[in-house]
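Novice: I'd like to go over a predicted model; first the sequence, then the structure.
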Amino acid sequence: MPSPPSTLAVFAHPDDESFSCGGTLARLAAEGAEVSLICATSGEVGEISDAALATPENLGEVRREELRAAALLLGAREPYFMGYRDSGMAGTPANQDPRSLVRTPVDVVGGKVLEFIRRLKPQLVITFDAGGVYGHPDHIAIHQATTWALQVLARDADARLPSLYYTALPRGHLQRMMKEARQRGIPPPQGSGINLETLGTPDELVTTVVEVGAYVDAKLGAIRSHRTQINPNNPLLRLPEDLVRRFLEKEHFTLAPQGAPLDCLAQLP
Ligand SMILES: [Zn+2]
């Protein structure tokens, strides 16, 4: 039986890893893969779900601890922080901060990602897709930087090129779950400013589905570790458990052309 691929997940904020692919990371780690995490920012301009947990001044520090706790639950190694500042949602003043991820040139961030790839030599790299799930500027920036790093690595004939995957939330899967929730009398989440009709990846772009039914609890535990980010209105907390499980038991990815063509997630033992 082939051993599962050593994995590097590259994301923008503490919690991105758990929401987008926590089940897959937990499964890879449980099957013996080395799983490493890079987090570009400390999420310091994120929301604070409960004023007892953090202040705007110490939110970054609190969120770094939350990511360490989530990593432990997922079976990943101690996360690396790149030290950029959270750029905030699109159109907010935090976008203008010169220390923000979004204001840092792609080759600078990508160069750091490349250093990690050369050092850790993962067989598989995971990051956000080009739309950053819902268009968060930092999600898009880390997608671009990671893709840039793989493009540069591909020019090095001696380097072993990892497979690159983008996380995907297939629109069809999302719509089916929302329809079922509506049928049970649960209204769609309100007030996020996200258009739920256009949210998600077009189904035809998904190349790879990973079964993570046995890791839903690990994923939910990791998500809950990000206590400052768990709004009581989070749909994952409001939906009936069977629906949450069905929504989370598969994770979806797009195999990116910039990495090695081997679809190692589809070939998990
Ligand atoms: Zn994020």
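Specialist: Okay, I see it.

Novice: any residues touching the host helix or strand of Val133, and which ones?
Specialist: Under the criterion of DSSP states H and E, Val133 resides in helix 132-135. Helix 132-135 is contacted from outside by 20, 90, 138-140, 143, 167, 169, 194, 199, using Cβ atoms under 8 Å, 6 or more residues apart in numbering. (Glycine included, C-beta is placed from N, CA and C.)

Novice: And the furthest pair within those residues?
Specialist: Of all pairs drawn from the contacts of helix 132-135, the greatest distance, 19.2 Å, lies between Ala90 and Thr167 (Cβ to Cβ).

Novice: With adjacent residues omitted, what lies nearest to the residue of the stretch 1-150 of the chain at minimum distance from the ion?
Specialist: Per Cβ to the ion, the residue of the stretch 1-150 of the chain with the smallest distance to the ion is His13, at 3.6 Å. Spatial nearest neighbour of His13, chain neighbours left out: Gly43 (3.9 Å); criterion: Cβ to Cβ, 6 or more residues apart in numbering.

Novice: shouldn't the one you found be in contact with Phe11?
Specialist: No: between Gly43 and Phe11 no contact is recorded; they are 10.1 Å apart, counting by Cβ atoms under 8 Å.

Novice: which residue ranges form the helices in the stretch 101-250 of the chain?
Specialist: For the stretch 101-250 of the chain, applying DSSP state H, counting those that start in this stretch gives helices covering 106-120, 132-135, 137-154, 171-183, 216-225, 235-238, 241-248.

Novice: okay, the ones you listed, which one's buried deepest?
Specialist: helix 137-154 (a mean of 23; mean count of other Cβ atoms under 10 Å).

Novice: what angle separates it from helix 106-120?
Specialist: 60 degrees (axes from the mean of the first three to the mean of the last three Cα atoms, to 10 degrees).

Novice: what's the spacing between helix 137-154 and its chain's center?
Specialist: Taking Cα atoms, centre = their mean, to the nearest Å, one finds helix 137-154 lying 14 Å from the centre of the chain it belongs to.

Novice: And the ion, is that helix touching that?
Specialist: No: on the criterion Cβ under 5 Å from the ion, helix 137-154 is out of touch with the ion, staying 5.6 Å away.

Novice: residues contacting the residue of the stretch 1-150 of the chain closest to the ion?
Specialist: By Cβ under 8 Å, 6+ apart, the contact set of His13 is 39-43, 46, 63, 86, 138.

Novice: mind redoing it with 10 Å?
Specialist: Going by Cβ atoms under 10 Å, 6 or more residues apart in numbering, His13 touches 19, 39-46, 63, 67, 86-87, 101, 136, 138-139, 142, 226, 229.

Novice: backbone phi and psi for Arg51, please?
Specialist: One correction, residue 51 is Ala, not Arg. Main-chain torsions, Ala51, degrees, to the nearest 10: phi -60, psi -20.

Novice: sec struct for the closest residue to Gly221 other than its chain neighbours, please.
Specialist: With Cβ to Cβ, 6+ apart as the criterion, Gly221 has its nearest non-adjacent residue at 4.7 Å, and that residue is Leu73. Secondary structure assignment for Leu73 (DSSP: H, G, I helix; E, B strand; the rest coil): helix.

Novice: need the residues of the stretch 1-150 of the chain near the ion, please.
Specialist: 13, 16.

Novice: residue ranges of the strands in the stretch 1-150 of the chain, please?
Specialist: Under the criterion DSSP state E, counting those that start in this stretch, the stretch 1-150 of the chain contains strands at 7-11, 35-41, 80-84, 124-127.

Novice: Generate a markdown table for those, with mean neighbour count and mean pLDDT as supplementary columns.
Specialist: Compiled in a markdown table, the strands of the stretch 1-150 of the chain are given as follows (neighbours: other Cβ atoms under 10 Å; pLDDT from 0 to 100):
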| stretch | mean neighbour count | mean pLDDT |
| --- | --- | --- |
| strand 7-11 | 28 | 98 |
| strand 35-41 | 26 | 98 |
| strand 80-84 | 18 | 98 |
| strand 124-127 | 28 | 98 |
